[in-house]
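Undergrad: okay, predicted coordinates and the sequence, questions at the end:
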Amino acid sequence: MSRTCLVTGAASGIGRATAALLRERGHTVVGADLAEGDIHADLSTPEGRAALVARAGELTGGRLDAVVSCAGVAHFDPLTVRVNHFGAVATLDGLRPLLAAGTDPRAVVVGSVDSVHPTDPAIVDAALAGDEDTAVAASRAAVDRGEGHLVYSSSKASISRWVRRAAPTGAWAGAGIPLNAVAPGVVVTPLTRPLLDDPEMRGLVEKSVPMPLHGHARPEQIAPLIAWLASPENALVTGQVVFADGGADAVLRGDRTW
């Protein structure tokens with residue numbers, strides 16, 4: 001059965017691969033991105049987030065069967081927490097009424113194995129409290145003290161924890177909408193290619209994200225997992241952060257499951 005799906009970050013990387021796979025399977029895909037697609041929206045701003053939700057309603061007749069929040073950035077800048085956490089939350093919460101009107105609705109957000117790396121508690125706590133101004137200020141402070149790398153890991157940790165908190169609530173599970181996150185390891189995209197092409201940086205990347213199973217991933221290898229979580233076949237998996245990381249989480253955290 002054909003479904004209507006919305007994918008953010010659909011112009012490149014995992015978002016593009018997921019949108020392509022869903023279309024190959026006969027589904028209607030509304031692609032959203034900053035510069036191209038069916039919806040042009042800047043998810044770093046309240047105005048862009050509102051525009052995404054409004055335009056999605058217009059294009060879909062007010063109903064969606066799946067939402068995949070892939071849009072993300074990895075800059076040493078407060079922009080990262082604006083997009084990766086607040087943009088994702090606004091996307092999922094804003095489109096939840098459209099999902100509630102859909103058939104077998106599902107929602108997935110793309111996190112990262114980087115969420116298990118050190119984070120800045122001030123950024124994470126503010127993000128989970130929904131306080132964007134404080135999260136941005138904490139991100140700027142991290143950059144100023146030379147710890148800009150913590151902004152990305154904090155944004156991915158906070159969105160993963162938000163999924164865990166939101167998924168079992170009445171708004172999601174109570175409405176019959178599974179909500180999950182996928183946490184990839186290193187994925188070869190235009191964003192990561194310059195790092196991987198530099199021997200020194202590649203060594204640092206492989207040390208921080210060891211992937212003993214098949215090494216670095218391609219976006220097309222992550223898309224099928226997202227598609228399954230967004231499908232009617234997924235009846236019971238919710239509130240999970242599913243690591244698609246070639247074993248990186250198991251190496252980094254050992255046998256601890258929680």
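TA: Received the coordinates, thanks.
Undergrad: could you use CA atoms for every contact and neighbour count after this?
TA: Fine.
Undergrad: helices or strands up against the worst-scoring helix or strand of the chain on mean pLDDT?
TA: Ranked by mean pLDDT, DSSP states H and E, the helix or strand of the chain with the weakest confidence is helix 193-197, at a mean of 83. When contacts are defined as 3 or more CA pairs under 8 Å, 6 or more residues apart in numbering; DSSP states H and E, helix 193-197 packs onto helix 199-208.
Undergrad: residues of the helix it packs on that come out buried?
TA: 202, 206 (16 or more other CA atoms under 10 Å).
Undergrad: averaged pLDDT, it. What do you get?
TA: For helix 199-208, mean pLDDT is 88.
Undergrad: and the next helix-or-strand element following that helix, what does it pack against?
TA: For helix 199-208, the following helix or strand on the C-terminal side (DSSP states H and E) is helix 219-229. Helix 219-229 sits against helix 13-24, strand 106-110, strand 179-184, with contacts defined as 3+ CA pairs under 8 Å, 6+ apart.
Undergrad: the closest residue to residue 88 other than its chain neighbours: how many residues sit nearby?
TA: Spatial nearest neighbour of residue 88, excluding adjacent residues (CA to CA, 6 or more residues apart in numbering): residue 69 at 6.1 Å. The tally of other residues near residue 69 (other CA atoms under 10 Å) stands at 25.
Undergrad: how close does the residue nearest to the spatial centre of the chain get to residue 88?
TA: In the chain, the centroid-proximal residue (CA atoms, centre = their mean) is residue 110; its distance is 2.4 Å. For residue 110, the distance to residue 88 (CA to CA, to the nearest Å) stands at 9 Å.
Undergrad: mind checking the longest helix of the protein?
TA: Using DSSP state H, we find that the single longest helix of the chain is helix 149-166.
Undergrad: quick one: buried residues of it?
TA: For helix 149-166, the neighbour count (16+ other CA under 10 Å) marks 149-164, 166 as buried.
Undergrad: with stretch 173-190 instead?
TA: Using 16+ other CA under 10 Å as the test for burial, stretch 173-190 gives 173, 176-188.
Undergrad: partner residues bridging the residue nearest to residue 88?
TA: Beta-bridge pairing of residue 69 under DSSP bridges involves residue 8, residue 109.
Undergrad: any idea how far residue 258 is from it?
TA: Distance, residue 69 to residue 258, by CA to CA: 24 Å.
Undergrad: do residue 199 as well
TA: Using CA to CA, residue 199 is found at 34 Å from residue 258.
Undergrad: over to residue 28?
TA: 37 Å.
Undergrad: what about those two, which has more around it?
TA: Taking other CA under 10 Å, residue 28 and residue 258 do not tie; residue 28 has more neighbours (18 against 4).
Undergrad: pull the contacting residues for the closest residue to the more buried one other than its chain neighbours.
TA: Nearest non-adjacent residue to residue 28, counting by CA to CA, 6+ apart: residue 4, 4.8 Å away. Applying CA atoms under 8 Å, 6 or more residues apart in numbering, we find residue 4 in contact with 27, 28, 29, 30, 60, 63, 64, 65, 66.
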